[in-house]
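Asker: here's a sequence, model it:
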Amino acid sequence: MAIELGNVVFTEPVALSCWSARNVAGVFAVLAPDPEGRPQPFRVLYFGASGNLAAPGLICTHPAYPSWIKQAGSVFRLHLSVYAMPLSTLAERSAVEASLVQRYKPPCNEAAPLVPPEVLIGARSSSASNYSLFTVSPAVPRRTQPYVSSLSRARDSADSLPFPAEKRSPKDQ
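Answerer: Next comes the predicted model:
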């Protein structure tokens, strides 16, 4: 069952503990259950946008995360809903986010700056902004370099193998 927020159809709200994101750009809504809410049993705590909703740390390391928990009463009451915008630009996602924030006035968006986050990380003092932005680039696995180094060391020391050269493969010679 989808949820409509400001004429935008979001996915069905999913508990944060069960949420797994697709690698797609879009706008996300952080919600908390509201049994008195009409017509929907959720209240909006925060709207955000990202070029990659599966970016590591997008949710749990977000600067507004503590205020989401405070507003919801518990981390177990946090829910997420997504409006996927696969081929959108940063400006398009920001415009949707800004219109939703303006309409719903979520309590946690007022505490955090309205910036078009790819991934927001902790506060930094600067004259331009209170927050530092960075985009997540594809990471190389950490073991790649040490593993390659250990392979080349093993290949270089092939002459010190305990068995005769004729039993080695042609690659080792």
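Asker: C-alpha only now, for contacts and for neighbours.
Answerer: OK.
Asker: under the pLDDT cut-off, which ranges of the protein? List them.
Answerer: 38-39, 111-173 (pLDDT under 70).
Asker: could I get the CA-only coordinates of the longest helix along it as CSV?
Answerer: Taking DSSP state H as the criterion, the chain has its longest helix at helix 90-104. What follows is helix 90-104, C-alpha atoms only, in CSV (Å, rounded to 0.1, in the frame of the first residue of the first chain):
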residue,chain,number,x,y,z
LEU,A,90,19.9,17.2,-8.2
ALA,A,91,17.8,20.2,-8.9
GLU,A,92,14.7,18.1,-9.6
ARG,A,93,15.1,16.1,-6.4
SER,A,94,15.7,19.3,-4.4
ALA,A,95,12.6,20.9,-5.8
VAL,A,96,10.4,18.0,-4.8
GLU,A,97,12.0,17.9,-1.4
ALA,A,98,11.5,21.7,-0.9
SER,A,99,7.9,21.6,-1.9
LEU,A,100,7.2,18.8,0.5
VAL,A,101,9.0,20.5,3.3
GLN,A,102,7.1,23.7,2.7
ARG,A,103,3.7,21.9,2.7
TYR,A,104,4.2,19.6,5.7
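Asker: pull out the buried positions in it.
Answerer: Using 16 or more other C-alpha atoms under 10 Å as the burial criterion, the residues of helix 90-104 that qualify are 90, 92-94, 96-98, 100-101, 104.
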